[in-house]
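> could you work out the structure for the sequence below:
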Amino acid sequence: MKTNAEKINLEEVEKQIRTFEKEYDYNLRELEVSDLLKKFIKDKQYINSEATTASIYIPDFQRKHVWENPKQSKYIESLFLGVPMPPLFVVLKDEFANMELIDGVQRLSTLYNFVNDKLVLQDLELLDTLNGLKFSDLHHTRQRKFNALGIRYYVILEGADEGVYAEIFSRINTGSLNLTPAEVRKGAFAKNKFYLFILKTIESPLFNTLFTSKKEEDKLRGSKEELLSRFFAYSEDYLSFEHSVRHFIDLYISRKGKNGFNETEKLEEFNRTFEFIKKHLPNGLKKSATSNTIPKVRFEALTVGTNLALKEKPNLVPNYSDWIDSKEFKRWTTSDAANNKNKVVGRIEFVRDSLLGKIS
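Next comes the predicted model:
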């Protein structure tokens, strides 16, 4: 009986690793607290391109400073104790060597708050004598020692494409509330013309008539962008999908942004699909008239399957729609192994073939 290693082509494994590892170009640097804070600009609009020192700024897509006082205090206490802290991550963004902070907003903002007397330490257990103190309350020698602490940061160098940025954003997001893929893309693809097209399209009254989720998270954390990204990516290239939805979509958006696209055609494709769904599917994209949410797998199946059917038969008028309540459709759109390639392809083609009357 063959072992796993014998079944797998190890040369292919090595080739894939070498291919992807070349994309991540970075170096590790260190600055004292005082020098780091001189570079820190909270609002990008105040960056001075003529300054002799490059700035580190928080991008618009990053969450606001949300650590409560006890957590900020704990971080400052850890620095006093010399506990090793994770490095910050920044990306070189322009010819002036200004850097965008992609991981470490909470830590760097806490440093800024403490040194500028905006943080009063509290709830410390080990260094409890610090409770109630601000930075300016410390002895001047202790202030100098704190300012001389080294803070490490990784610099992701210029040259990596947007898909690589998105991958890095996702993997290094270590906060208690991880960024959604859509939130990551807002940063990674901030200048990508195709992603900007998606952001514009989600404002469509037609789309918002059909997307009526009442979940607060869906409204705030990019669910609309995520769904439309899937719609366009799968509609054009669903047969190339393998394992990771996020990686598949990131590469698709990066490619469209680089190679260009016909915005008029894409918008017509979008309108044709969603007008058809609104007119011909009993509950639109929802399971029932009273449903509050639209599962991603259901959205993918209905929108992409409809789009493919209309590409094959532009004047399509469906003969029946009871397939949408069938056991077969339910089987294709259950969450179990939902992102298995066979399921992705199967549910999309089931809807396409049902609409075309190829499945009785």
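
> my read: residue 148 touches residue 32, true?
Yes: using C-beta atoms under 8 Å, residue 148 makes contact with residue 32 at a distance of 5.2 Å. The C-beta positions use only the backbone N, C-alpha and C, and glycine is treated the same way.

> ok, these two, which is more surrounded?
Neighbours per residue, other C-beta atoms under 10 Å: of residue 148 and residue 32, the larger number sits with residue 32, 14 against 11.

> just to check, that one is in contact with residue 146?
No: Residue 32 is beyond contact range of residue 146, at 9.7 Å (criterion: C-beta under 8 Å).

> tell me which element residue 14 is part of?
helix 10-21 (DSSP states H and E).

> my error: substitute residue 331 in the last question.
Judged by DSSP H and E, residue 331 forms part of helix 327-332.

> so how far is that helix off the chain centroid?
Centroid displacement of helix 327-332 relative to its chain, using C-alpha atoms, centre = their mean, to the nearest Å, is 30 Å.

> show me which positions of the helix or strand following that helix end up buried.
Sequence-wise, the next helix or strand downstream of helix 327-332 (DSSP H and E) is helix 341-355. Within helix 341-355, the residues that count as buried by 16 or more other C-beta atoms under 10 Å are 343-344, 346-355.

> and stretch 325-334, by the same measure?
Buried-residue list, stretch 325-334, by 16+ other C-beta under 10 Å: 329, 332-333.

> and of those residues, the nearest to residue 120?
Nearest to residue 120 out of the buried residues of stretch 325-334 is residue 333 (C-beta to C-beta; 52.6 Å).

> give the contact list for that closest one.
295, 297-298, 301, 347 (C-beta atoms under 8 Å, 6 or more residues apart in numbering).

> can you put those residues in a markdown table and add distance to residue 279?
Below are the contacts of residue 333 laid out as a markdown table (distance: C-beta to C-beta, whole Å):
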| residue | distance to residue 279 |
| --- | --- |
| 295 | 22 |
| 297 | 23 |
| 298 | 18 |
| 301 | 18 |
| 347 | 22 |
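
> top of those residues by neighbour count?
Going by other C-beta under 10 Å, residue 301 tops the contacts of residue 333 with 26 neighbours.

> wait, that residue sits on residue 347?
Yes: using C-beta under 8 Å, residue 301 makes contact with residue 347 at a distance of 3.9 Å.

> now the common contact residues for these two.
With C-beta under 8 Å, 6+ apart, residue 301 and residue 347 have common neighbours 329, 332-333.

> okay, now residue 308: neighbour count?
21.

> check the one 4 residues further on too.
As a burial measure, residue 312 scores 12 neighbours (other C-beta under 10 Å).
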